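Undergrad: Okay, structure incoming, though there's no sequence with it:
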């Protein structure tokens with residue numbers, strides 16, 4: 001959310017202001033939070049520091065996914081002729097906004113837990129060092145080292161990568177709007193597997209998302225450390241919540257790119273004009289000509305299934 005949108009006064013801006021006010025009001029009710037969480041003041045300082053360190057590593061690692069690399073294809077097409085539009089400047093601002101948001105969130109969480117538990121001075125220093133050092137190391141790894149308003153990753157990223165990031169962002173936005181969690185699942189990486197049964201289909205999806213294994217391991221550590229930090233929370237809730245979040249990416253149904261083309265050339269044209277790894281199969285229909293469906297010709301590629309991804313009537 002930009003400063004202009006925050007000052008616009010719309011519903012999103014008002015919700016953001018109310019959320020910020022509620023978060024800061026928690027510091028005026030520290031005693032109530034201690035009673036709610038059943039905190040034994042002055043104990044478990046090491047557990048609090050370890051918990052904050054693990055959460056900081058997880059948060060700063062999310063910056064390395066580079067979700068800030070996106071651009072509207074229409075803007076890439078038309079604003080490229082406008083001299084005042086600097087694509088690298090816009091992406092660099094997005095990088096700094098995400099970095100500062102993560103820094104503010106970690107600082108708030110660490111400060112709140114430290115005040116609730118009344119940790120000693122060495123714990124404050126350790127948490128601050130982990131948060132700051134993690135932020136200073138993750139920023140150059142994600143965006144490179146260069147001019148702050150024209151970061152290297154923003155200057156060298158091509159149009160194809162930006163459009164791909166835009167597509168992923170639109171899918172996530174539509175999933176949130178329609179409350180469809182299936183659209184929020186991450187896509188799988190390319191794998192070489194023959195899917196002869198349902199179990200091989202599931203295995204291909206898990207292997208294609210093996211990059212989420214470190215995140216699942218981190219969530220297991222968080223679940224183990226959350227028990228002494230939040231003694232009032234039931235163990236089943238902590239373990240079950242972390243296990244659900246960790247296993248959700250591996251349970252996603254593989255999805256394709258959703259590309260479909262018209263037949264265009266009559267009955268004999270059965271090859272799509274997109275990537276050579278895909279084919280367009282047509283068969284007769286009673287309405288408006290052939291009925292087309294986009295099928296991957298190599299269903300084990302990119303973790304996709306052999307199920308038709310989209311159908312349309314060709315003109």
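TA: Yes, it's here. Bear in mind that the values here come from a model prediction, so they are computed numbers and not experimental data. Numbers count the residues shown, from 1 in each chain.

Undergrad: which strands and helices sit next to the helix or strand hosting residue 215?
TA: If you go by DSSP states H and E, residue 215 is part of helix 213-229. Contact analysis of helix 213-229 by 3 or more Cβ pairs under 8 Å, 6 or more residues apart in numbering; DSSP states H and E lists helix 45-62, helix 235-247 as its packing neighbours. (C-beta placed from N, C-alpha, C; glycine too.)

Undergrad: how about the shortest one: buried residues?
TA: Meaning helix 235-247. Within helix 235-247, the residues scored as buried using 16 or more other Cβ atoms under 10 Å are 238, 242, 246.

Undergrad: again, but for stretch 19-35
TA: Buried, per 16+ other Cβ under 10 Å, within stretch 19-35: residue 34.

Undergrad: what does stretch 98-117 give?
TA: For stretch 98-117, by 16+ other Cβ under 10 Å, it's 98, 99, 102, 103, 106, 109, 110, 113, 114, 116, 117.

Undergrad: contacting residues for the first one?
TA: So the one you mean is residue 98. 63, 67, 68 (Cβ atoms under 8 Å, 6 or more residues apart in numbering).

Undergrad: circling back: closest one to residue 206 among the helices and strands packed on helix 213-229?
TA: Residue 206 lies closest, by Cβ to Cβ, to one member of these: helix 235-247, at 9.8 Å.

Undergrad: before we move on, back to that, hmm, which of the contacts of residue 98 are the buried ones?
TA: 63, 68.

Undergrad: pLDDT added to the contacts of residue 98, as CSV?
TA: Converted to CSV, the contacts of residue 98 look like this (pLDDT from 0 to 100):
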residue, pLDDT
63, 93
67, 91
68, 92
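
Undergrad: Now distance to residue 144 too, for the contacts of residue 98, in CSV please.
TA: Below are the contacts of residue 98 laid out as CSV (distance: Cβ to Cβ, whole Å):
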residue, distance to residue 144
63, 13
67, 16
68, 13
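
Undergrad: on that earlier part again, name the residues that touch the helix holding residue 215?
TA: So helix 213-229 is contacted by 44, 47-48, 50-51, 54-55, 57-58, 61, 113, 117, 233, 235, 238-239, 241-243, 245-247, 249-250 (Cβ under 8 Å, 6+ apart).

Undergrad: The top helix by length along the chain to helix 45-62, inter-axis angle?
TA: Assignment by DSSP state H gives helix 87-117 as the longest helix of the chain. Interaxial angle, helix 87-117 versus helix 45-62 (axes from the mean of the first three to the mean of the last three Cα atoms, to 10 degrees): 170 degrees.

Undergrad: who does the next helix or strand after helix 87-117 touch, helix- and strand-wise?
TA: With elements assigned by DSSP H and E, the helix or strand that comes after helix 87-117 is helix 121-143. Here helix 121-143 touches helix 45-62, helix 87-117, helix 152-156, going by 3+ Cβ pairs under 8 Å, 6+ apart.

Undergrad: Output the below-cut-off pLDDT ranges for the stretch 151-300 of the chain.
TA: In the predicted model of the stretch 151-300 of the chain, residues 182, 251-300 satisfy pLDDT under 70.

Undergrad: Recalculate using a threshold of 80.
TA: The stretch 151-300 of the chain contains residues with pLDDT under 80 at 180-190, 193, 195, 201-202, 205, 247-300.
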